[in-house]
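Student: sequence and predicted structure, then a few things I'm wondering about:
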Amino acid sequence: MNLLLIDQNDFTAPGKILISGRRFLQLRDVIKPQIGETIRTGIKNGNTGKAAVLEFHDDHVVMETVLDTPPPAPSPVTLVCAMQRPLTFKKILHGALTMGVKKIHFIHAAKVEKSYWQSAVLRDAELDLEIRLALEQCGDTVYPELEFHTRFKPFAEDILPQLVETSALALFGHPRATTPVPVPPESGSIILAAGPEGGFNEFENTVLEEAGLLPVTLGARVLRSEYAVTALLAKLS
C-alpha cells in the first residue's frame, strides 16, 4: 500500500478518519506507523495528502488527514481489451490502472471462452477490491470507467468508430504485423486494442483495421496477454 485510499464515510469529524478492516490490518501488520507518524493518503476520486496517526486500537486506527494535492495525471490511453481468463484479467486490470489508464472496454472475441463472462472477478465487490489495490499501489485516487461488451461485432461497428474518430492515434496489437509501435502524439487521446490469448482472428483483425486501427508489433517474440498489454502501454506512456 503506497497510498491509504479513504472514502467519505471514513470521516468521523472534519479532518478525522477511522480506518478498520483490510486497510487497518495493512497499516498495523505491514506499514506499522507510530503515533504521530504520517502516511500518504487520498480520498476516492479526489485529492491526495497526508494522514497522521492519532490512536491505535485493537480493530481500528484514528488519523488526522489533510488532502491538498491533486492525484496523478491520467494516461491518454483508452484500452480496448478482449476478456481474459480470471487471473489474467486481474493482472491486466491491475497493470493498466497502475499505469494511469482510466477508460477500459472489455470485449468478446472468437477466442474468448464464454465462461469468462460469468467469472466471480466481475462481481461489483471483487472488481472494487481489485481497483482499490491497484490505486493504492500507484498512489492514485481516481476510479476508472469500465465497460463490458459481450458481443464483438456491435462494439466494433457502433462504438469503436466513435472512439477512433476522436483519438489522435489508434492501434491494435498484432503478432504478425510489421509496423512497430509509433511514438505517441504530444497531445490527444490514444486507442489501444489488445486481443485474447492467441490473438484476434482474421475477421476481427479486418474489422479493427476497417474501423481505423493500425496493426502494430512489439517484435518477433510473442508475449502473454498481460505482458503484451503492459509493454504496449509502456511504449505509449
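Tutor: Looks like it arrived, so ask away. Numbers count the residues shown, from 1 in each chain.
Student: from here on, just use CA atoms for contacts and neighbour counts.
Tutor: Noted.
Student: all strands for this structure, in order.
Tutor: 4-6, 11-13, 16-20, 38-43, 48-56, 60-69, 77-82, 103-107, 145-149, 169-173, 190-194, 214-216 (DSSP state E).
Student: isn't Phe89 up against Cys81?
Tutor: No - with contact defined as Cα atoms under 8 Å, Phe89 does not reach Cys81; the gap is 9.5 Å.
Student: who has more neighbours out of those two?
Tutor: Between Phe89 and Cys81, counted using other Cα atoms under 10 Å, the more crowded position is Cys81 (24 against 20).
Student: that one against Ile107, yeah?
Tutor: Yes - using Cα under 8 Å, Cys81 and Ile107 qualify as a contacting pair, with a distance of 6.1 Å.
Student: spatially central residue in the chain, please.
Tutor: Relative to the mean C-alpha position of the chain, the nearest C-alpha, by Cα atoms, centre = their mean, is the one of Leu97, at 2.4 Å.
Student: who touches Glu226 in this structure?
Tutor: By Cα atoms under 8 Å, 6 or more residues apart in numbering, the contact list for Glu226 reads Thr88, Phe89, Lys91, Ile92, Gly95.
Student: pull the longest helix from the protein.
Tutor: Taking residue count as the measure and DSSP state H as the definition, the longest helix of the chain comes out as helix 124-138.
Student: and the angle from that one to strand 145-149?
Tutor: An angle of 140 degrees separates the directions of helix 124-138 and strand 145-149 when computed by axes from the mean of the first three to the mean of the last three Cα atoms, to 10 degrees.
Student: average pLDDT across helix 124-138?
Tutor: In this model, helix 124-138 has a mean pLDDT of 96.
Student: quick one, which of the strands of the chain gets closest to Arg123.
Tutor: With Cα to Cα, the closest approach to Arg123 among the strands of the chain belongs to strand 145-149: 12.1 Å.
Student: got the contact list for that closest one?
Tutor: Lys102, Lys103, Ile104, His105, Phe106, Ile107, His108, Phe155.
Student: which one of the residues you listed is nearest to Gly139?
Tutor: Closest approach between the contacts of strand 145-149 and Gly139, by Cα to Cα: Lys102, at 14.1 Å.
Student: quick one: the closest one and Gly95, what's the gap?
Tutor: Taken as Cα to Cα, to the nearest Å, the spacing of Lys102 relative to Gly95 amounts to 12 Å.
Student: helices - which of the contacts of Glu226 land there?
Tutor: Thr88, Phe89, Lys91, Ile92, Gly95.
Student: with adjacent residues omitted, what lies nearest to the third one?
Tutor: It refers to Lys91. Counting by Cα to Cα, 6 or more residues apart in numbering, Glu226 is the residue found nearest to Lys91 once chain neighbours are left out, at 6.2 Å.
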